[in-house]
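Q: heads up, no residue letters with this:
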C-alpha cells in the first residue's frame, strides 16, 4: 500500500509539472469571470484567451459573442498599422453581426454592430465611408428602438449627425449614391443626442467632449469651451478616453 501511495504522489507531482496532463481546465463560469475581469482592465488578448474557447462550445451565446467583438475593437485601437486595424475591426464586426443573427431583438447586439462600423469608418475611402455610415444609422436606430436607455447608442447617433452635417461636396455626392439622397443630418440633432447621452450617463467624458466638438462646428465657442473643458477635466475610465481627450484638446486649442 505504501508503494501505491508513493506512486500516486509521484503521478500527481508529474501532472503538476506537465501542463495539461491531468489538471482540469477552469470551469466555464470561472473562465467567463476571468475574461470579464480582463475585459474591465482592457487586456484584450488575455480576455480573448478566455472567451474564444467558450465560443467554440457555445457559438450562440450572445454575451460571449459581444465580449469577443469588443476585444477585437480594443485590439484595433491598440494596433498601429492600418492593415491590422482593419483586420481587427472586421473581426469585431463579424462577431457583432453573429450576435444580431442569434438575437435580432437584442439592443446591445445592434449597438455593437454600429460601434464596429463607426470604428472602421475613418480607415475607409469616401464611398465605403458612406456605406458604413448607412449601416451605422440602421443599427443604432434599431438599438435605440429596442432600448432607448443606452447612452452609448445616443452617442453613436450624435456622432453620425455630427459627421454627416459637415459633409464636403465630394462626400455629399457619395452620400446621394449610397443613401439615394443627402441624409437628413444636422448639428442640432447631434447636440440633442449628446445631451441625451449625458442625461443617461454624465460620468462618461466622451459625451461631453463630442458635444463640445459639435458646438465648435456650429460656431458656439462659449458652449464648446465649457463642454470640452468639462470632458478634459474628467478621469479616464473608458478605452477610448485618451484618444477622445486628444480630439478635445485639439478642438479647444482651435477655438478663437
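A: Nice, thanks for sending it over. Note that this is a predicted model, so its numbers are computed, not measured. Numbering: from 1, shown residues only.
Q: where does the stretch 101-250 of the chain have low pLDDT?
A: Scanning the stretch 101-250 of the chain for pLDDT under 70 picks out 167-182.
Q: can we see that at 80?
A: Flagging of the stretch 101-250 of the chain using pLDDT under 80 yields the residue ranges 166-184.
Q: Nearest residue to the spatially most central residue of the chain in space, ignoring adjacent ones along the chain?
A: In the chain, the C-alpha nearest the mean C-alpha coordinate belongs to residue 115, at 5.0 Å (CA atoms, centre = their mean). Of all residues not flanking residue 115 in the chain, residue 156 sits nearest, at 6.3 Å (CB to CB, 6 or more residues apart in numbering). In short, each C-beta sits where N, CA and C put it, glycine included.
Q: Which strands or helices does the helix or strand harbouring residue 212 pack on?
A: In the assignment (DSSP states H and E), residue 212 maps to helix 205-218. Packing partners of helix 205-218 (3 or more CB pairs under 8 Å, 6 or more residues apart in numbering; DSSP states H and E): helix 151-164, helix 187-200, helix 221-233, helix 241-254.
Q: The residue nearest to residue 115 contacts residue 114, correct?
A: Yes: look at residue 156 against residue 114 with CB atoms under 8 Å: they come within range, at 5.0 Å.
Q: higher neighbour count, these two?
A: Higher neighbour count among residue 156 and residue 114: residue 114, with 27 against 23, using other CB atoms under 10 Å.
Q: after the helix or strand where the more buried one lies, next one along is what?
A: Under the criterion of DSSP H and E, residue 114 resides in helix 107-120. Per DSSP H and E, the first helix or strand lying C-terminal to helix 107-120 is helix 126-146.
Q: Which strands or helices does that following helix pack on?
A: Looks like helix 126-146 contacts helix 107-120, helix 151-164, helix 169-179 (3+ CB pairs under 8 Å, 6+ apart).
Q: mind redoing it with 10 Å?
A: Counting by 3 or more CB pairs under 10 Å, 6 or more residues apart in numbering; DSSP states H and E, the packing neighbours recorded for helix 126-146 are helix 82-102, helix 107-120, helix 151-164, helix 169-179, helix 187-200.
Q: okay if I get these as CSV plus distance to residue 127?
A: Output for those, formatted as CSV (distance: least, CB to CB, whole Å):
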stretch, distance to residue 127
helix 82-102, 16
helix 107-120, 14
helix 151-164, 15
helix 169-179, 5
helix 187-200, 23
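Q: Measure how buried the residue nearest to residue 243 when sequence neighbours are not counted is and give me the count.
A: With CB to CB, 6+ apart as the criterion, residue 243 has its nearest non-adjacent residue at 7.2 Å, and that residue is residue 77. When neighbours are defined as other CB under 10 Å, residue 77 has 17 of them.
Q: So residue 77 is in contact with residue 115, correct?
A: No: assessed by CB atoms under 10 Å, residue 77 is found out of contact with residue 115, at 11.5 Å.
Q: Now for those two: what residues contact both?
A: Contact with both residue 77 and residue 115 is made by residues residue 240, according to CB atoms under 10 Å, 6 or more residues apart in numbering.
Q: and the residue nearest to residue 121 when sequence neighbours are not counted, what does it touch?
A: Nearest residue to residue 121 in three dimensions, chain neighbours excluded: residue 132, at 4.5 Å (CB to CB, 6+ apart). By CB under 10 Å, 6+ apart, the contact list for residue 132 reads 93, 114, 116-124, 178.
Q: Can I get the buried part of the residues you listed as one ChimeraX selection?
A: Remark: buried members of the contacts of residue 132, expressed as a ChimeraX selection using 16 or more other CB atoms under 10 Å:
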select :93,114,116,117,118,119,120,121,124,178
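Q: would a markdown table of the contacts of residue 132 with distance to residue 240 be doable?
A: Putting these into a markdown table (distance: CB to CB, whole Å) gives the following:
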| residue | distance to residue 240 |
| --- | --- |
| 93 | 17 |
| 114 | 14 |
| 116 | 13 |
| 117 | 15 |
| 118 | 11 |
| 119 | 9 |
| 120 | 14 |
| 121 | 14 |
| 122 | 13 |
| 123 | 15 |
| 124 | 19 |
| 178 | 26 |
